[in-house]
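S.K.: How does the following fold in three dimensions:
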Amino acid sequence: MDLHLLDAVPADLLTTSVEELGNVLPGPTLLRLPGRTEPPLFISTLLHGDEPTGFQSMQKLLAHYLATPEGLPRSVWLFLGNVHAAKGNLRHLDQRPDFNRIWNGGDQPEHRLAARVVELARENGLFACIDIHNTSGKNPPYAAINKLDPAWVFLGKLFSDKLVYFTRPDTVLTKAFAEICPAVTVECGQPGDPKGLERVHGFVDQCLNLTAIVPTGYRTADESVFHSIGRIEFPDGCTVGFGHAGGSEDFVFVEDLDSLNFKELPENTRIGWRHDESKRLIVYDETGKEVGDEFFVYKGNEIRLKRAVVPSMLTTSPYAALDDCLGYLMQRYVLE
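M.R.: Below you'll find the model as predicted:
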């Protein structure tokens with residue numbers, strides 16, 4: 001799989017739809033656009049082909065700046081990831097890796113592509129890295145970081161007051177780029193939400209005009225974050241549904257499960273039902289240890305919380321739940 005390098009915006013890139021992007025670009029592409037200030041701001045979009053907001057916001061931003069005599073206030077490296085999956089509005093192509101799970105080594109062509117992007121970034125140096133995503137379920141806009149250094153915290157809080165600290169999965173783009181520059185993942189809500197588009201557009205614009213990531217006198221002790229402590233997955237071969245206890249799937253969750261995102265849920269909250277007592281929800285902690293029994297208890301056929309948590313990225317898409325995860329479990333984290 002080739003990485004395509006371009007130093008100018010191709011014709012039609014700023015007006016094409018996400019689904020037609022493959023008619024403009026031959027595949028994964030890194031655009032290296034000059035601006036008035038160096039080093040570049042790295043922006044990643046379309047790691048998931050069904051998450052268009054990042055690409056759409058960059059179309060708007062580039063159209064604005066490239067129409068001015070001054071051009072971009074800072075150089076931009078824009079990575080357009082899974083162009084082929086975007087054609088079919090897919091998270092990733094069938095039987096091919098997820099483009100946000102390829103950034104920590106591997107033997108597939110996608111892993112080599114990711115390694116090449118990281119190599120170029122390390123050789124050149126970057127100001128900061130922003131990876132733009134949508135969520136399949138209802139979530140407020142939030143940012144996620146994997147370091148608690150002031151630059152990471154400031155960058156995340158610039159996007160949203162909801163900031164998540166995580167260390168797994170360790171195969172995501174921002175984990176790799178955190179060894180090069182401050183890096184943040186921004187989650188802009190569901191695709192098609194104009195508020196999410198405007199928020200990320202304004203955020204990237206702010207970042208382009210920063211002279212430094214951390215302002216003088218900034219204190220992380222004045223900030224609060226959520227700490228991601230568990231990722232909910234399923235046993236192989238099971239089925240998942242949403243709605244009511246009468247469903248026929250192995251696991252059935254409450255219909256509005258994603259409405260619980262970023263809410264403090266008390267112990268004993270019911271989130272769903274299971275219809276096969278031999279199957280249990282799997283939860284992996286930060287070390288990769290399976291800790292499902294620390295979070296969930298089964299009362300009859302009901303699935304209830306064993307402890308108070310704050311969930312994020314809970315989805316009501318069976319495909320997303322089985323292909324990736326049901327969501328994450330968090331607790332509040334106090335910065336020092």
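
S.K.: Could you report the neighbour count for the residue nearest to Leu335 when sequence neighbours are not counted?
M.R.: Using Cβ to Cβ, 6 or more residues apart in numbering and skipping residues adjacent in sequence, the residue nearest Leu335 is Thr220, 4.7 Å away. In this view, the C-beta of every residue, glycine as well, is placed from N, C-alpha and C. By the criterion of other Cβ atoms under 10 Å, Thr220 has 18 neighbours.

S.K.: can you check the one 5 residues further on too?
M.R.: Val225 has 24 neighbouring residues, counting by other Cβ under 10 Å.

S.K.: All the helices of the stretch 201-336 of the chain, in order from the start?
M.R.: Ranges of helices in the stretch 201-336 of the chain, per DSSP state H, counting those that start in this stretch, are 292-295, 318-323.

S.K.: among these, which is the most enclosed?
M.R.: Among the helices of the stretch 201-336 of the chain, the stretch with the highest mean neighbour count (mean count of other Cβ atoms under 10 Å) is helix 318-323, at a mean of 17.

S.K.: list the helices and strands the lengthiest strand in the chain packs on?
M.R.: Ranked by number of residues, the top strand in the chain under DSSP state E is strand 224-233. Contacts defined by 3 or more Cβ pairs under 8 Å, 6 or more residues apart in numbering; DSSP states H and E place strand 224-233 against strand 163-165, strand 282-284, strand 310-312, strand 327-334.

S.K.: Mean pLDDT, mean neighbour count and distance to Ala143 added to those strands, as TSV?
M.R.: Conversion of the helices and strands packed on strand 224-233 to TSV gives the following (pLDDT from 0 to 100; neighbours: other Cβ atoms under 10 Å; distance: least, Cβ to Cβ, whole Å):
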stretch	mean pLDDT	mean neighbour count	distance to Ala143
strand 163-165	98	23	5
strand 282-284	99	19	22
strand 310-312	98	24	11
strand 327-334	94	18	13
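
S.K.: Dump those to JSON lines, plus distance to Asn89.
M.R.: As requested, the helices and strands packed on strand 224-233 are arranged in JSON lines below (distance: least, Cβ to Cβ, whole Å):
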{"stretch": "strand 163-165", "distance to Asn89": "26"}
{"stretch": "strand 282-284", "distance to Asn89": "28"}
{"stretch": "strand 310-312", "distance to Asn89": "24"}
{"stretch": "strand 327-334", "distance to Asn89": "22"}
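
S.K.: Residue most distant from the centroid, the chain?
M.R.: Within the chain, Gly300 marks the point farthest from the mean C-alpha position, 35.4 Å out by Cα atoms, centre = their mean.

S.K.: Ok, which of the helices of the stretch 201-336 of the chain comes nearest Glu119?
M.R.: helix 318-323 (28.7 Å; Cβ to Cβ).

S.K.: where are the low-confidence patches of the stretch 201-336 of the chain?
M.R.: Per-residue confidence for the stretch 201-336 of the chain (pLDDT under 70) gives no ranges below the cut-off.

S.K.: So this structure: which segments form each domain?
M.R.: The record's domain split for the chain, according to automatic domain parsing, is 4-222, 227-334.

S.K.: what distance separates the start and the end of the first one?
M.R.: Taking Cα to Cα, to the nearest Å, the first and last residues of domain 4-222 lie 43 Å apart.

S.K.: same thing with stretch 176-188?
M.R.: Distance between the two ends of stretch 176-188: 21 Å, counting by Cα to Cα.

S.K.: Can you give the distance of that stretch from its chain's centre?
M.R.: 10 Å (Cα atoms, centre = their mean, to the nearest Å).

S.K.: what's the average pLDDT for that stretch?
M.R.: Averaging pLDDT along stretch 176-188 yields 98.

S.K.: Give the buried residues for it.
M.R.: By neighbour count, with 16 or more other Cβ atoms under 10 Å as the criterion, the buried positions of stretch 176-188 are 176-178, 180-188.

S.K.: quick check, nearest of the residues you listed to Val252?
M.R.: The closest of the buried residues of stretch 176-188 to Val252 turns out to be Glu187 (Cβ to Cβ; 25.9 Å).

S.K.: So what pairs up with the closest one in the strands?
M.R.: Counting by DSSP bridges, Glu187 is bridged to His133, Tyr142.

S.K.: Could you check how far it is from Ala67?
M.R.: In this view, Glu187 and Ala67 are 29 Å apart by Cβ to Cβ, to the nearest Å.

S.K.: can you give me the strands for the stretch 51-200 of the chain?
M.R.: Assigned strands in the stretch 51-200 of the chain, in chain order: 76-80, 128-133, 142-145, 163-165, 183-187 (criterion: DSSP state E, counting those that start in this stretch).

S.K.: hang on, Leu305 packs against Ile271?
M.R.: Yes - contact criterion Cβ atoms under 8 Å: Leu305 and Ile271 qualify, at 6.9 Å.

S.K.: higher neighbour count, those two?
M.R.: Ile271 (21 against 18).

S.K.: got a list of what the more buried one touches?
M.R.: Contacts for Ile271 (Cβ atoms under 8 Å, 6 or more residues apart in numbering) come out as 253-254, 257, 260, 303-305.

S.K.: can you check Ala183 too?
M.R.: For Ala183, the contacting residues are 128-131, 145-146, 152, 173-175, 177, by Cβ under 8 Å, 6+ apart.

S.K.: Buried members of the contacts of Ile271 into ChimeraX, please.
M.R.: The command below creates a ChimeraX selection of those among these that count as buried (16+ other Cβ under 10 Å):
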select :253,254,257,260,303,305
